[in-house]
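Engineer: pasted the sequence and its predicted model underneath.
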Amino acid sequence: MPIRYTEDPADIASLKVAPEKFLIFYSSRLPDGSLWCPDCVAVDDVVQKTFGPPDAPSALVVYVGQRPEWKSPSNPFRADPYNVGSIPTIIRVDDGKRLVEGEIDEHSLSSSFN
C-alpha cells in the first residue's frame, strides 16, 4: 500500500482515526519541499523502499512541524499517546514498538517489524 502523508504540520486529532499500521514521524518540509531534519533525509530512501510498494505495510508520514515548533516542549507529538522524543521515529500502531533515528535501516525495519 502506498505511503500516505498528513497535512503539514499534522493535526494530532486526525491520527486517532488513521487506518495505517505504521506512523512515521518526520520533520515538516521547507518551502522548497525538502525536509529540514538531516536524520529524516537520511532514512527517507529506506522508508520509501519499505513502505512504498503496493504490497508493503500501510504507513502514514506524520509531519511534526518546522524546527521551532518541533523543538518546543509543548509540541503535541512529544506528549501522550505518541511520546516522540526524536525524529525520525517509526511506531507500529498495534503494539507501540518503535525505531528511532539511527535504529532505522533496512535490516532493522525487516527484522524488528516482522
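Structural biologist: Here it is on my side, so go on. Residues are numbered from 1 along each chain as shown.

Engineer: helices along this protein, start to end?
Structural biologist: 38-51, 67-71, 106-112 (DSSP state H).

Engineer: of those, flag the one that's most buried.
Structural biologist: Of all the helices of the chain, helix 38-51 has the most neighbours on average by mean count of other Cβ atoms under 10 Å, namely a mean of 17. In this view, the C-beta of every residue, glycine as well, is placed from N, C-alpha and C.

Engineer: how far is it from where the chain is centred?
Structural biologist: 10 Å (Cα atoms, centre = their mean, to the nearest Å).

Engineer: as a whole number, average confidence for that helix?
Structural biologist: The average pLDDT within helix 38-51 is 95.

Engineer: can you name every helix or strand that that helix contacts?
Structural biologist: strand 22-26, strand 59-63, helix 106-112 (3 or more Cβ pairs under 8 Å, 6 or more residues apart in numbering; DSSP states H and E).

Engineer: can you put those in CSV and add distance to residue 90?
Structural biologist: What follows is the helices and strands packed on helix 38-51, written out as CSV (distance: least, Cβ to Cβ, whole Å):
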stretch, distance to residue 90
strand 22-26, 5
strand 59-63, 8
helix 106-112, 8
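
Engineer: can you tell me which of these the model trusts least?
Structural biologist: For the helices and strands packed on helix 38-51, where the average pLDDT is lowest is helix 106-112, sitting at a mean of 78.

Engineer: counting contacts, what elements does that helix pack onto?
Structural biologist: Partner elements for helix 106-112 (3+ Cβ pairs under 8 Å, 6+ apart): helix 38-51, strand 98-100.

Engineer: just how off-centre is stretch 82-90 within its chain?
Structural biologist: For stretch 82-90, the distance to the chain centre is 7 Å (Cα atoms, centre = their mean).

Engineer: now do stretch 32-41
Structural biologist: Going by Cα atoms, centre = their mean, where stretch 32-41 is centred and where its chain is centred differ by 12 Å.

Engineer: cool, stretch 20-40 as well?
Structural biologist: Worked out by Cα atoms, centre = their mean, stretch 20-40 lies 7 Å from the chain centre.

Engineer: what's the span of it, first residue to last?
Structural biologist: One end of stretch 20-40 to the other measures 20 Å (Cα to Cα, to the nearest Å).
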